[in-house]
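Curious how this folds, go ahead:
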Amino acid sequence: MGPAAAVPEPPGVPTHAYPRALLLPGFVNVHTHLELHHLRGAVPEADFVDWLQHIRRVKERSDEAAYLEAALEGVREAWRYGTTTVADTGTSGATVRALAQLGGRGIYYHEVIAPHPLQARTAYRRLAAAVERLVREASPSVRIGVSPHAPYTVAPRLVTRVARFARAHGLPVAAHVAESRAESQFITAGSGPFAQLWRSRFIPLPGGARSPVAYCDRLDLLGTDFLAIHVVQTDAEDAATLARRGCAAAICVRSNARHGHGTPPVRRLWDAGVRLGLGTDSVASVADLDLLAEARAVRALADLTAEQTVQLLTFEGAEALGMAHRVGSLDVGKWADLCVLRAPAASDDPAGSIEAILATGSPGIVATYVAGRRVHRAGRADEGGGVRLRSDFPPKRS
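Below is the predicted model:
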């Protein structure tokens with residue numbers, strides 16, 4: 001990779017030339033639900049609890065084939081938007097099979113949902129069996145993790161048991177935390193719609209806590225391997241707790257706005273030292289997997305520079321997932337996961353070009369590569385062919 005005169009051309013290896021283009025590390029989407037890709041625009045409820053109930057009913061009617069087809073399309077759409085690594089959560093395991101089939105990269109967090117303590121033992125056994133199966137099915141570029149879905153969907157003892165299981169087996173952990181006001185009401189006061197649902201099903205409420213983050217900390221969920229998804233309903237003490245425990249956080253501004261949750265305190269989390277990455281959430285919440293759109297929303301919210309915004313798209317997202325040793329920057333020794341973007345014709349200044357790209361967004365994406373293989377080219381079908389890339393440049397973060 002580099003100027004034509006500096007890059008060797010081994011016989012039989014194709015050369016891909018992109019005049020007036022910028023090469024960036026492939027984007028890292030730290031929160032998706034690709035198995036729900038067939039639900040784009042199909043769950044319109046404005047109320048979050050009603051929306052969740054609708055999602056649950058639709059999932060009960062979805063079969064393995066539908067999940068797999070959805071996940072395959074989700075991976076392809078991620079590539080069209082320049083994303084080369086996804087951190088996906090789900091209950092079907094379809095994303096593992098989709099990534100293996102297409103040659104994608106990422107982490108898949110298998111979810112457990114079991115609010116009643118009497119369900120905990122069976123749910124734990126099913127989770128352990130699913131993880132064992134998914135590890136066998138996963139390709140070398142996919143890591144398996146676990147996810148106790150959220151404080152309002154998993155019995156407290158099961159949360160702790162899942163966290164201990166993950167750490168005993170070296171698995172990453174993720175959970176939806178402090179996403180909604182309803183969740184905060186449930187955790188802090190035993191009130192609100194989630195508490196009503198638990199009472200209607202004769203499920204004992206968990207003991208109160210100062211906040212959802214404090215609750216998760218009490219259950220030994222937080223740690224350096226933990227990804228806290230959303231973290232909207234958090235304060236300075238929560239940010240300090242997440243940072244002290246070495247947690248990462250997935251910021252999903254557009255999804256939060258869609259459900260009326262408010263805005264995550266990005267600057268507070270950033271200043272506290274919490275590792276941050278950007279996520280789109282599912283297309284059942286937002287219109288697409290456009291991570292550049294997510295980046296523009298976060299930049300406006302937190303007053304970030306263009307450089308900081310690109311870092312969140314790439315290296316910081318990789319750091320949040322514990323994958324920065326392999327992806328997130330254009331360094332010798334890392335995977336050749338690349339996003340090719342059209343440089344504005346009027347600018348020869350890379351910094352100015354980045355500003356223009358952030359403003360223009362996804363129409364400027366020319367091609368996407370995963371491990372040196374072109375998986376997306378603007379205006380063309382996805383390709384399976386490979387290309388040899390070489391970096392002759394000093395290592396840079398992005």
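
Please name every helix or strand in contact with the helix or strand of the chain with the lowest mean pLDDT.
Of all regular secondary-structure elements in the chain, judged by mean pLDDT, DSSP states H and E, the least confident is helix 350-360 with a mean of 73. Helix 350-360 sits against strand 21-25, helix 291-302, helix 306-313, with contacts defined as 3 or more CB pairs under 8 Å, 6 or more residues apart in numbering; DSSP states H and E. The way it works is simple: take the backbone N, C-alpha and C, and place the C-beta from them, glycine included.

and stretch 274-286, average pLDDT?
Mean pLDDT, computed over stretch 274-286, is 97.

Quick one: end-to-end length of that stretch, please.
From the first residue to the last, stretch 274-286 extends over 25 Å; the measure is CA to CA, to the nearest Å.

quick check, residue 50 in a strand?
No: counting by DSSP: H, G, I helix; E, B strand; the rest coil, residue 50 is located in no strand; its state is helix.

What is the burial count for it?
A total of 13 residues lie near residue 50 under the criterion other CB atoms under 10 Å.

thinking again about what came up before, okay, the angle between the very next helix or strand once past the least confident helix or strand of the chain and helix 291-302?
Of the helices and strands lying after helix 350-360 in sequence (DSSP states H and E), the nearest is strand 365-370. On the basis of axes from the mean of the first three to the mean of the last three CA atoms, to 10 degrees, strand 365-370 is oriented at 100 degrees to helix 291-302.

tilt between strand 365-370 and strand 21-25?
For strand 365-370 against strand 21-25, the angle between stretch directions is 40 degrees (the same axes, to 10 degrees).

what about strand 365-370, distance to the chain center?
Average the C-alpha atoms of strand 365-370, do the same for its chain, and the two points are 19 Å apart (CA atoms, centre = their mean, to the nearest Å).

who touches that strand?
Taking CB atoms under 8 Å, 6 or more residues apart in numbering as the criterion, the residues outside strand 365-370 that touch it are 16, 18, 21, 26, 79-84, 103-105, 292, 335-342, 374-378, 387, 389.

Of the helices and strands packed on helix 350-360, which is nearest residue 324?
Within the helices and strands packed on helix 350-360, the stretch nearest residue 324 is strand 21-25; the backing value is 10.2 Å (CB to CB).

From the contact counts, what lies against that closest one?
On a contact count with 3+ CB pairs under 8 Å, 6+ apart, strand 21-25 meets strand 338-342, helix 350-360.

Pull out the buried positions in the shortest one.
Residues of strand 338-342 classed as buried: 338, 339, 340, 341, 342 (neighbour count, 16 or more other CB atoms under 10 Å).

give the contact list for the second one.
Residue 339 makes contacts with 23, 24, 25, 26, 27, 82, 84, 365, 367, 368, 369, as judged by CB under 8 Å, 6+ apart.

who are the neighbours in contact with the nearest residue to it once chain neighbours are set aside?
Counting by CB to CB, 6 or more residues apart in numbering, residue 82 is the residue found nearest to residue 339 once chain neighbours are left out, at 3.8 Å. Residue 82 is in contact with 24, 26, 27, 291, 292, 339, 341, 362, 365, 368, counting by CB under 8 Å, 6+ apart.

Now render the contacts of residue 339 as a markdown table, adding distance to residue 41 and pLDDT.
Conversion of these to a markdown table gives the following (distance: CB to CB, whole Å; pLDDT from 0 to 100):
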| residue | distance to residue 41 | pLDDT |
| --- | --- | --- |
| 23 | 34 | 87 |
| 24 | 30 | 92 |
| 25 | 31 | 96 |
| 26 | 27 | 97 |
| 27 | 23 | 98 |
| 82 | 23 | 96 |
| 84 | 26 | 98 |
| 365 | 23 | 93 |
| 367 | 28 | 95 |
| 368 | 25 | 97 |
| 369 | 30 | 96 |
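
Tell me the one among those nearest to residue 212.
Top of the list for closeness to residue 212, among the contacts of residue 339 and by CB to CB, is residue 27 at 28.1 Å.

Return the set of residues that bridge with that closest one.
Residue 27 forms beta bridges with residue 83, as assigned by DSSP bridges.

so it sits right up against residue 84, yeah?
Yes: taking CB atoms under 8 Å as the contact criterion, residue 27 and residue 84 are neighbours in contact, 6.7 Å apart.

Between those two, tell me which one has more neighbours.
When residue 27 and residue 84 are compared on other CB under 10 Å, the one with more neighbours turns out to be residue 27, at 31 against 28.

distance of the more buried one from residue 362?
Residue 27 sits at a distance of 10 Å from residue 362 (criterion: CB to CB, to the nearest Å).

residues shared between the contacts of the two?
Shared contacts of residue 27 and residue 362, defined by CB under 8 Å, 6+ apart, comprise 81, 82, 292.
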